[in-house]
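Asks: test case, fold it:
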Amino acid sequence: MISSTNPKDASSPGPRLRDITSGQWKSGTAAWLGWLFDGLDMHLYTLVAAPFVAQLLQVSSPADPMVKRTSAWIQAAFLLGWALGGGFFGRIGDRFGRSWALSLTILTYALFTGLSCFAQTWWHLLIFRFLAALGIGGEWAVGASLLSETWPKSWRPWIAAVLQTGVNLGILLACLAVFLMADANPRYVFLVGILPALIVFWIRRSVPEPTEWQEARARDPKSSPGWTELFRGPVRSLTLRAVLLCALSLTAWWAFLFWNQQHLRNLPALASWIPADRERLVSAVFFLVIASSIAGNFFAGWLALRAGYRRAISLLFACFFLSMAGAYWVPRDHTQLLWWMPWVGFFSGVFGLFTMYLPPLFPTLLRTTGAGFSFNIGRVAAAFGTVFFGIFAQVGDFRPALFLASFLLAAAAGAALLMPEAPQTRDVIS
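Replies: Presented below is the predicted three-dimensional model:
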């Protein structure tokens, strides 16, 4: 069964900034930096997928149908690795500690993102992206649990917004790197992804393990519930509902992130542009989406404080659906799409709420595993969804795929209403 506790560091009042302890600042900084570089390494590929895969396949144009199919399979492998990494590193985080696991995830995605530069064939790149994704998926689960166990409950919606902003800024850094390197060989962009490894030594030296995790381990050091506990007792229903919500929403979001880049590159009005100018436009539009999502993160936190996580998530996904469907309902040129992209980005801020909403739903010694599995199993659906919606994408017109994918967000809005409201705390399975 599940027994409850009242962890000192997570649920005690701390509404004022001066009440935040040194340990909390360190854990927050470590998680934020991890997410910053998470966003950087995550999106370097989506921004250069078409030209780099075309180079590896030795075809003359990024618009070649073979590029579309191959780049989609590489992205699918990345999303599958993300899902598996959430479960794998989630178990490490629950058994050996959040700080230790966080360091390991960052080293993993930094190493294999950098190695992507040296890919000589498309399947080399697929393997490197899959292995990098193991670390990125694990970092989400570990970082989210670390903060949910160390920061006061009243701060969590804002911490969720700040944490998601770290991802957004990392993505903006990826956009900047691609923009500045538009004239260079696209493979060299991946060398930027090695930078995250530099923060690992500080994390291992300075960031302590959460008190809540240490107390849970001390009560029964030999007890370590396995992932099968996610499908037993009252936790099973929660796991299945969380997986449904994440699978629907993340499939739609990653379909947008991946196919919108291809859609822009292949708009008829851009056919006469030189490749470097086309890539700069793609980077600028992506920058606009992610910059708008930063504001959306804080709006989502504000809404969660007033309406509760469950209702806020449902409402935001409904608005997300309307903005994405509106963008692709009819054919639009790149200037018209610029009016819709900020709204798509703004309502994508809903994903920031998941970081502080999902982990406390699960018991302490199953928290990183549960949150990582539920959120990242959605990546498996997103992996297949990237390929599936690509079937509806004709070369030169990816609008139908994007329009159809938007309806998953409407379904996610309904699935959110099936979720429980955030609990006070949950502790151990006994």
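Asks: so who does the closest residue to residue 115 other than its chain neighbours touch?
Replies: Sequence neighbours aside, residue 128 is the residue nearest to residue 115 in space, at 5.0 Å (criterion: Cβ to Cβ, 6 or more residues apart in numbering). Where you see a C-beta, it was placed from the backbone N, CA and C, and this is true even at glycine. Contact analysis of residue 128 by Cβ atoms under 8 Å, 6 or more residues apart in numbering lists 112-113, 115-116, 119.
Asks: of those residues, just say which sits nearest to residue 147.
Replies: Residue 147 lies nearest to residue 113 out of the contacts of residue 128, by Cβ to Cβ, at 23.7 Å.
Asks: what helices and strands are in contact with the helix or strand harbouring the closest one?
Replies: Here residue 113, judged by DSSP states H and E, is contained in helix 98-115. Judged by 3 or more Cβ pairs under 8 Å, 6 or more residues apart in numbering; DSSP states H and E, helix 98-115 is in contact with helix 22-57, helix 65-96, helix 122-148, helix 200-206.
Asks: what's the average pLDDT for the longest one?
Replies: In this model, helix 22-57 has an average pLDDT of 85.
Asks: now that helix: buried residues?
Replies: Using 16 or more other Cβ atoms under 10 Å as the test for burial, helix 22-57 gives 23-24, 26-57.
Asks: how about the third one?
Replies: Taking 16+ other Cβ under 10 Å as the basis for neighbour counts, the residues of helix 122-148 that come out buried are 122, 125-148.
Asks: just to revisit the earlier point, possible to save the contacts of residue 128 as TSV with pLDDT and neighbour count?
Replies: Formatted as TSV, these follow (pLDDT from 0 to 100; neighbours: other Cβ atoms under 10 Å):
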residue	pLDDT	neighbour count
112	94	23
113	92	31
115	94	20
116	94	26
119	94	21
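Asks: Throw these into a markdown table and include distance to residue 302, thanks.
Replies: Listed next are those as a markdown table, based on distance: Cβ to Cβ, whole Å:
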| residue | distance to residue 302 |
| --- | --- |
| 112 | 37 |
| 113 | 34 |
| 115 | 41 |
| 116 | 38 |
| 119 | 43 |
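Asks: local confidence estimate at the residue nearest to residue 115?
Replies: For residue 128, the pLDDT comes out at 95.
Asks: could you do residue 131 as well?
Replies: Note for residue 131: predicted pLDDT of 94.
Asks: apart from its neighbours in sequence, what residue is nearest it?
Replies: residue 112 is the one closest to residue 131 (Cβ to Cβ, 6+ apart), at 4.2 Å.
Asks: that neighbour and residue 202, how far apart?
Replies: Look at residue 112 and residue 202: by Cβ to Cβ, to the nearest Å, they are 21 Å apart.
Asks: again, but for residue 330
Replies: 50 Å.
Asks: likewise for residue 146?
Replies: Distance of residue 146 to residue 202, computed by Cβ to Cβ: 15 Å.
Asks: check residue 382 too.
Replies: 32 Å.
Asks: neighbour-wise, which of the two wins?
Replies: Taking neighbours as other Cβ atoms under 10 Å, residue 382 and residue 202 compare with residue 382 leading, 30 against 14.
Asks: is it correct that that one is in contact with residue 250?
Replies: Yes: using Cβ atoms under 8 Å, residue 382 makes contact with residue 250 at a distance of 4.7 Å.
Asks: can you list the buried residues in stretch 89-97?
Replies: Of the residues in stretch 89-97, 89-94, 97 count as buried by neighbour count, 16+ other Cβ under 10 Å.
Asks: go on, stretch 338-355?
Replies: Neighbour counts using 16+ other Cβ under 10 Å place 340-355 of stretch 338-355 among the buried residues.
Asks: show me how far stretch 21-40 is from its chain's centre.
Replies: Here stretch 21-40 is found 15 Å from its chain centre; the criterion is Cα atoms, centre = their mean, to the nearest Å.
Asks: all numbers from here: first residue = 78
Replies: Noted, 78 is the first residue going forward, which turns the last one into stretch 98-117.
Asks: how about the contacts made by residue 125?
Replies: Neighbours of residue 125 in contact, by Cβ under 8 Å, 6+ apart: 255, 263, 266, 356.
Asks: residue 141: which of those residues is nearest?
Replies: Nearest to residue 141 out of the contacts of residue 125 is residue 263 (Cβ to Cβ; 15.3 Å).
Asks: switch the buried residues of stretch 166-174 over to JSON lines; also include pLDDT and distance to residue 439.
Replies: Shown next, in JSON lines, are those (pLDDT from 0 to 100; distance: Cβ to Cβ, whole Å):
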{"residue": "166", "pLDDT": "84", "distance to residue 439": "15"}
{"residue": "167", "pLDDT": "77", "distance to residue 439": "10"}
{"residue": "168", "pLDDT": "80", "distance to residue 439": "13"}
{"residue": "169", "pLDDT": "84", "distance to residue 439": "16"}
{"residue": "170", "pLDDT": "82", "distance to residue 439": "12"}
{"residue": "171", "pLDDT": "80", "distance to residue 439": "10"}
{"residue": "174", "pLDDT": "82", "distance to residue 439": "17"}
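Asks: rebuild these as TSV, extending it with distance to residue 182.
Replies: Formatted as TSV, the buried residues of stretch 166-174 follow (distance: Cβ to Cβ, whole Å):
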residue	distance to residue 182
166	5
167	10
168	12
169	9
170	9
171	14
174	13
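Asks: out of those residues, which is nearest to residue 350?
Replies: The closest of these, once distances to residue 350 are taken by Cβ to Cβ, is residue 166, at 41.7 Å.
Asks: next, find the distance separating the closest one from residue 158.
Replies: If you go by Cβ to Cβ, the gap between residue 166 and residue 158 works out to 11 Å.
Asks: anything in contact with each of the two?
Replies: 211, 214.
Asks: what's around residue 314, how many residues?
Replies: Neighbours of residue 314 under the rule other Cβ under 10 Å: 12.
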